[in-house]
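> sequence-free structure coming up:
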């Protein structure tokens, strides 16, 4: 009997309306939507479907409203309100409840959270209004208890609000999923754009709509390899809040994966996700080391020389790592000690901030012997190539002078018409390069036109302009031009040499005069180059 009476009292208590709650029918004109409603997007097709249902069956569930400045603000039921307006209803059933701003926002978040079609970004905005807005009164843990969700769920939703606008737009438009968005939101703003591009395959597609979304695991792997910065062996103290005062210590930083385990449960080792802050601390630690160690050498991992900076490139130092238990004869040069060792610190690269010992003295026979030998070898090769090139140039100039002396002694033998016919045939058969050279010898073009086809054509028409006295000379010149250009490799069959002998031209006397002239006008740097070549040869 006592049990029956108790159940009856409980049922009566549920049916009792509190003094702060009232059910009424209110004209549509007296209702207005709440500005703090988390839901921002209303699907038009779904609204029209609900409107048709309201037309036939009416509004089955009243709206939850509160009185604000002489009007009734909709706390819950904005979608039903819009559909009722489309259906043409003049009055709507409502439940009027006395609510403060914070209570109204809390009810809006919880009411929308229970509906499956609320976008996670809108959900995050609602949580932010309760947890951190002007009217907020709950911590993350307290709010998680109120909505019956884990604190990690709430923390991840709030993190979505850190998305940059391009990433947030892609998330709201459905081009990326919530797991992709969460991974991107954890990164610094300058890294989010790069991460967003790696969410898709097909980098040559016209737009994101033509590309396929990659699995979350692939995006996570790219972030771990390219964004996360390992804090295990950093050259500065993670507890030091004075190194970069505006950044504080790494120990209490929410951008450290080990600190914020609610957001980074997938991270294995302790890492930093803010590359800009990480590098500022590395630069500050390097500057601090330089103050404490005035003789500290700045070194780089790059082989390119850095002008106007005190940083030594990789080719200008040798990092020395002493191996225990090895004799000097069994070690490499970078494992041996010398008297030139100095403390150094990496100023860039993956080892930035790491202290090492280096030898930067190029005269050191322990660490730079092989490099010095290589430089000497290259110098010898350069000098040999320069000497060889000059010899070829001198030989070519001499042989053309020899050709000119031969042509001076040529006498006409055939009739002019016959010679002109032969000359026309020879000029037509002349290779392009020799035709250009012949045109240059006769002043038909400049140095820039040496290989121009028009210049060669001009040379092939020389037979038309030649007078009777110069036909034989031009014919012989055309025949000997190739021999003059080949350097006389086969002297026994050299046509120019044979012709010079036929016309009794003293080639040796011309060579002596030519060398004497060349020596007189040889530039001072040319003489130095020859001396260096001789020294290198010794």
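Good, I have the coordinates. Just so it is clear, the model here is predicted, and its values are computed rather than measured.

> can you pull out the low-pLDDT segments for the stretch 201-350 of the chain?
Counting by pLDDT under 70, the stretch 201-350 of the chain contains low-confidence residues at 202-211, 261-262, 265-269, 306-307, 323-331.

> now do the contacts for residue 347.
Contacts for residue 347 (Cβ atoms under 8 Å, 6 or more residues apart in numbering) come out as 286, 298-300, 311. Glycine gets a C-beta too; all of them are placed from N, C-alpha and C.

> which of these are buried?
In terms of neighbour count (16 or more other Cβ atoms under 10 Å), the buried residues within these are 286, 298-300.

> so of those residues, which ones are in helices?
residue 286 (DSSP state H).

> between the buried ones among the contacts of residue 347, which is nearest residue 358?
residue 299 (6.1 Å; Cβ to Cβ).

> any idea how far residue 336 is from that closest one?
Noted for residue 299: a distance of 19 Å to residue 336, by Cβ to Cβ, to the nearest Å.

> residues in a beta bridge with residue 76, which ones?
Beta-bridge partners recorded for residue 76 (DSSP bridges): residue 64.

> wait, it touches residue 107, no?
Yes. Contact criterion Cβ atoms under 8 Å: residue 76 and residue 107 qualify, at 6.2 Å.

> now do the shared contacts for those two.
Counting by Cβ under 8 Å, 6+ apart, the common neighbours of residue 76 and residue 107 are residue 64.

> and these two? Which one has more around it.
In this view residue 76 and residue 107 are compared by other Cβ atoms under 10 Å, and residue 76 has more residues nearby, 22 against 16.

> how close does that one sit to residue 497?
Distance, residue 76 to residue 497, by Cβ to Cβ: 110 Å.

> cool, residue 270 as well?
Counting by Cβ to Cβ - residue 270 and residue 497 are separated by 83 Å.

> mind listing the helices for the stretch 201-350 of the chain?
For the stretch 201-350 of the chain, the helices defined by DSSP state H, counting those that start in this stretch occupy 216-226, 275-292.

> sorry, wrong one. I was asking about the stretch 401-538 of the chain.
Under DSSP H, counting those that start in this stretch, the stretch 401-538 of the chain gives helices at 416-429, 432-441, 453-460, 462-465, 468-485, 495-502, 507-521, 524-537.

> who does the closest residue to residue 31 other than its chain neighbours bridge with?
Of all residues not flanking residue 31 in the chain, residue 72 sits nearest, at 5.3 Å (Cβ to Cβ, 6 or more residues apart in numbering). Note on residue 72: beta-bridge partners by DSSP bridges are residue 31, residue 67.

> re the thing from before, widest-spaced pair of the contacts of residue 347?
Greatest spatial distance among the contacts of residue 347 (Cβ to Cβ): 286 and 300, at 12.2 Å.

> ok, the spatially most central residue of the chain - contacts?
Taking Cα atoms, centre = their mean, the centroid of the chain lies closest to residue 194, which sits 9.5 Å from it. The neighbours of residue 194, taking Cβ under 8 Å, 6+ apart as the test, are residue 226.

> how much space between it and residue 458?
From residue 194 across to residue 458, the span is 60 Å (Cβ to Cβ).

> okay, now the nearest residue to residue 437 once chain neighbours are set aside: neighbour count?
Once flanking residues are discounted, residue 437 sits nearest to residue 481: 6.3 Å by Cβ to Cβ, 6+ apart. Burial of residue 481 is recorded as 22 neighbouring residues (other Cβ under 10 Å).

> and stretch 139-155, which residues are buried?
Neighbour count says stretch 139-155 has 140, 143-144, 147, 154-155 buried, by 16+ other Cβ under 10 Å.

> what of stretch 495-507?
So, applying 16+ other Cβ under 10 Å, buried residues of stretch 495-507: 496-497, 499-500, 505, 507.

> of those residues, closest to residue 186?
residue 496 (80.4 Å).

> pull the contacting residues for the nearest residue to the closest one once chain neighbours are set aside.
Closest residue to residue 496 apart from its sequence neighbours, by Cβ to Cβ, 6+ apart: residue 483 at 4.1 Å. The contact partners of residue 483, by Cβ under 8 Å, 6+ apart, come to 399, 494-496.

> let's go with 10 Å and repeat that
Going by Cβ atoms under 10 Å, 6 or more residues apart in numbering, residue 483 touches 399, 402-403, 490, 493-499.

> looking at those, which one is closest to residue 411?
Nearest member of those to residue 411, counting by Cβ to Cβ, is residue 499, at 13.2 Å.

> enumerate every residue touching that closest one.
Neighbouring residues of residue 499 by Cβ under 10 Å, 6+ apart: 402-403, 406-407, 409-410, 476, 479-480, 483, 505.

> hang on, isn't residue 237 packed against residue 251?
Yes. The criterion here is Cβ atoms under 10 Å, and residue 237 meets it with residue 251 at 9.2 Å.

> still on that earlier bit, residue 356: which of the helices of the stretch 401-538 of the chain is closest?
helix 524-537 (35.1 Å).

> how far away is the residue nearest to residue 496 from residue 512?
Taken as Cβ to Cβ, the span from residue 483 to residue 512 is 21 Å.

> ditto for residue 333
As judged by Cβ to Cβ, residue 333 and residue 512 stand 52 Å apart.

> of the two, which one has the most company?
When neighbours are counted by other Cβ under 10 Å, residue 333 and residue 512 differ, and residue 333 comes out ahead with 17 against 11.

> ok, now which ones touch the residue nearest to the more buried one when sequence neighbours are not counted?
Nearest non-adjacent residue to residue 333, counting by Cβ to Cβ, 6+ apart: residue 367, 5.2 Å away. Counting by Cβ under 10 Å, 6+ apart, residue 367 touches 317-320, 332-334, 336-338, 340-341, 358-361.

> quick one: common contacting residues for residue 286 and residue 300?
The contact sets of residue 286 and residue 300 overlap at 346-348, 352 (Cβ under 10 Å, 6+ apart).

> can you give me the strands in this protein?
Remark: strands assigned in the chain by DSSP state E are 21-27, 31-33, 63-68, 71-76, 91-97, 229-230, 271-272, 297-299, 318-319, 341-346, 355-359.

> counting contacts, what elements does the fifth one pack onto?
Applying 3 or more Cβ pairs under 10 Å, 6 or more residues apart in numbering; DSSP states H and E, we find strand 91-97 packed against strand 21-27, strand 31-33, strand 63-68, strand 71-76, helix 78-87, helix 101-113.

> and if you look at the first one?
Counting contacts by 3+ Cβ pairs under 10 Å, 6+ apart, strand 21-27 is packed against strand 63-68, strand 71-76, strand 91-97.

> what pLDDT, on average, does it get?
Averaging pLDDT along strand 21-27 yields 79.

> the fifth one too?
For strand 91-97, the per-residue pLDDT values average out at 84.

> which neighbours in the sheet does that strand have, and how are they oriented?
When pairing is defined by DSSP bridges, strand 91-97 lines up against strand 21-27 (antiparallel), strand 63-68 (parallel).

> much appreciated, bye for now.
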